[in-house]
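> give me the fold of what follows.
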Amino acid sequence: MLTTQHLKNAAKAPLDTLAAQFGPHRRGKQQKLWTLMYHRILPKSDPRYASEEPGMIVAPDTFRQHLQQLKQLFTILPLSEWVERQQSGQAIPSNACAITFDDGWADNYEYAFPIIQQEQVPVTLFAVSDMIGGTQQFWPNRVARLFTHCSTEQLNELNWLAPFLSAATIRRSNSGATEALNAEQISEVIQQLKSLPDNLIASHLLEAEAELGIDNDTSQPLVNWQQLREMSDSGLVEIGSHTSHHFRLQQSLDPAVMASEIIDSRQRLQDELNKPVDLFCYPNGDVCPEAIKLAREHYKAAVTTQRGINYNKGQDLHQLLRIGVHQDISNTATKFQSRLANWF
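The predicted structure is shown next:
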């Protein structure tokens, strides 16, 4: 049976082919930088795959194919090298590409790092300094865990969460009982929750987990320091800062907390890795004038989640654009190159 998504994919296929063949990655000599944004590299057989938001994951085989295509299409540089060339006026390849990872997930070491080594491709990993090696989960993952442990009825009893469970996302079976939300619907709820401040979400989650008897997962979600050092020492993975605790850098955040998130994370990473940390990544892409000001004072460059291709002339080094990549939109060569075209 054809679903709405199948029909959408069929309608988009000719556009993907056109973009893949004639996009800016295929033509032109204007100096540009494609900065790709990855999060997690997980096979579908891994239990973590099913519990993660779909837009966060690329399968290992797909990631390997990406790297092989990128080596044919671009000159792949460490992001720091492109920044240095930009600042010093050195020659920069016409089509340059930098590959970045956000958060520092344990699967980056398990699945991505071996492929990076085999393909000999440089990447930048933005690590959350004070969460490295711990058991603390990011709040979206804790929200997703609520959905796997609780019925929709139980979730509707949480006064803070119920407003985000809109009628459009709650389906009913023939018997009249509410059905569990699927991964895309859970992701929609998580996106809506981002309208709340991080500290309020954390407070609600602590209360809900205690009320529902949900223990915090004791697994290690992110890499540990030994793994991060091994990746850094390989010469293929440079480490940047992604703040201390992944707090979103919104105007409402306490100025002292914002300064600590941006400045102290850099110092912690430098102390642990014994290497300079000159690149920064804004969590969730949230920026405000004060955050940008602090990033300018303490880092050579910073990346956002705003989608686009960077041009050498006039590009703000502390608001670099990126193109996010995940499995569903990049699992074929045509779809991946369509994404690189950045047309739609």
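> low-confidence ranges, the stretch 51-200 of the chain, go.
Applying pLDDT under 70 to the stretch 51-200 of the chain picks out residues 166-180.
> hey, where'd the helices end up in it?
60-73, 79-88, 106-107, 113-119, 139-149, 152-156, 183-193, 198-212 (DSSP state H, counting those that start in this stretch).
> out of these, the one nearest H318 is which?
Ranking the helices of the stretch 51-200 of the chain by proximity to H318 (C-beta to C-beta) places helix 79-88 first, at 10.1 Å. Any C-beta I mention is one placed from the backbone N, CA and C, and that applies to glycine too.
> what's in contact with that closest one?
Helix 79-88 is contacted by residues 33, 35, 90-92, 96, 98, 100, 124, 238, 240, 278-279, 300-301, 303, 312, 315, 317 when judged by C-beta atoms under 8 Å, 6 or more residues apart in numbering.
> give me the number of residues near I239?
24 (other C-beta atoms under 10 Å).
> same thing with the one 3 residues further on?
Summarising burial for H242: neighbours were counted as other C-beta under 10 Å, giving 26.
> show me what contacts the nearest residue to it once chain neighbours are set aside?
Once flanking residues are discounted, H242 sits nearest to F126: 3.8 Å by C-beta to C-beta, 6 or more residues apart in numbering. By C-beta under 8 Å, 6+ apart, the contact list for F126 reads 100-104, 239-242, 279-281, 303.
> who's F126 bridged to?
D102, G240 (DSSP bridges).
> how near is it to G104?
7 Å (C-beta to C-beta, to the nearest Å).
> which neighbours do these two have in common?
By C-beta under 8 Å, 6+ apart, the residues touching both F126 and G104 are H242.
> picking up where we left off before, and the buried ones among the contacts of helix 79-88, selectable in ChimeraX?
Filtering the contacts of helix 79-88 down to the buried ones (16 or more other C-beta atoms under 10 Å) takes a single ChimeraX command:
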select :33,35,92,96,98,100,124,238,240,278,279,300,301,303,315,317
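> that older thread, got the helices of the stretch 51-200 of the chain as a markdown table, with mean neighbour count and distance to D46 columns?
What follows is the helices of the stretch 51-200 of the chain, written out as a markdown table (neighbours: other C-beta atoms under 10 Å; distance: least, C-beta to C-beta, whole Å):
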| stretch | mean neighbour count | distance to D46 |
| --- | --- | --- |
| helix 60-73 | 17 | 10 |
| helix 79-88 | 18 | 28 |
| helix 106-107 | 20 | 7 |
| helix 113-119 | 16 | 15 |
| helix 139-149 | 18 | 14 |
| helix 152-156 | 16 | 26 |
| helix 183-193 | 17 | 14 |
| helix 198-212 | 15 | 24 |
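> of all these, which one is nearest T334?
helix 60-73 (10.5 Å).
> restrict the closest one to CA atoms and write it as CSV.
Output in CSV follows, covering the C-alpha atoms of helix 60-73 (Å, rounded to 0.1, in the frame of the first residue of the first chain):
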residue,chain,number,x,y,z
PRO,A,60,27.6,3.1,8.9
ASP,A,61,27.4,1.9,5.3
THR,A,62,25.7,5.1,4.2
PHE,A,63,28.4,7.1,6.0
ARG,A,64,31.2,5.3,4.2
GLN,A,65,29.5,5.9,0.9
HIS,A,66,29.2,9.6,1.8
LEU,A,67,32.9,9.9,2.5
GLN,A,68,33.8,8.1,-0.8
GLN,A,69,31.6,10.5,-2.8
LEU,A,70,32.9,13.5,-1.0
LYS,A,71,36.5,12.5,-1.8
GLN,A,72,35.5,12.6,-5.5
LEU,A,73,33.6,15.8,-5.4
